[in-house]
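1. Need the 3D shape of this:
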Amino acid sequence: MIRIKKFKLMLTIFVSAFLIAAIFVIKESFASMKLETSTVKNSFTAMEKSVPSINENITPDPENNDYIIEKKDVTVTNTNDFDVYVRAMVVTSWQDADGNLLAVTPVEGTDYNITYSSDWNKKDDGFYYYKSILGKGQTTTPLITLCKPLKNSPVNGYTLSINIISQTVQSVVDNGELPFEN
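-> As a prediction, this is how the structure comes out:
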């Protein structure tokens, strides 16, 4: 019985010592395999005029300038020095005067009506893609031809907010290839 206890104690000490040694060996092996490379500086310089300009005609409520009666002829202008593809996303929300958003999303056809131009294609990613390449300084045809609220917000103090987020990508990259098919 004493011999079995002594054997178990020796086995436990041996296994523990083996595990500790294995940990140090593995640690040192990984440390020696670590590859070091010299630092490479990124020479990419971002363009200053890379944000497209969103143009829109709005009609404010004569009694409340924070409330928009309608938004129409929403276009995008290419502010880059090269031709681009354009995509835009329309984001609708209920918003108060301080910019706080209501957790309820307005429903098209119920809370507001919106009409889109046929020169834009809506894809599965939620973006509207302009069908043509947009030249330097050019403006798209309207994405939204007319948008009007149909009813007030479910909570007083909030109004319909229609925001347009637009992105551009260079239409031909330096090697002459297209970045993607529109």
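2. Tell me the first helix or strand C-terminal of the helix or strand bottoming out on mean pLDDT in the chain.
-> Among the helical and strand segments of the chain, the one scoring lowest on mean pLDDT, DSSP states H and E is helix 2-33, with a mean of 77. Heading C-terminal from helix 2-33, the first helix or strand you meet, by DSSP states H and E, is strand 53-61.
3. Using the neighbour-count criterion, name the buried positions in that next one.
-> Glu56 (16 or more other CB atoms under 10 Å). Yep, even glycine has a C-beta here, placed from its N, CA and C like the rest.
4. what residues does that strand touch?
-> 66-77, 79, 88, 139, 144, 164, 166 (CB atoms under 8 Å, 6 or more residues apart in numbering).
5. Mind doing that once more with 10 Å?
-> Contacts to strand 53-61, defined as CB atoms under 10 Å, 6 or more residues apart in numbering, come from residues 66-79, 88, 139-140, 142-144, 146-148, 159, 162-166.
6. Name the next helix or strand downstream of it, please.
-> strand 64-77.
7. centre of the chain versus that next one, how much separation?
-> Offset of strand 64-77 from its chain centre (CA atoms, centre = their mean, to the nearest Å): 23 Å.
8. Please verify my assumption that Lys72 contacts Asn113.
-> No - if you go by CB atoms under 10 Å, Lys72 and Asn113 don't touch, sitting 11.6 Å apart.
9. what residues do these two have in common as contacts?
-> With CB under 10 Å, 6+ apart as the test, Lys72 and Asn113 both reach 146-148.
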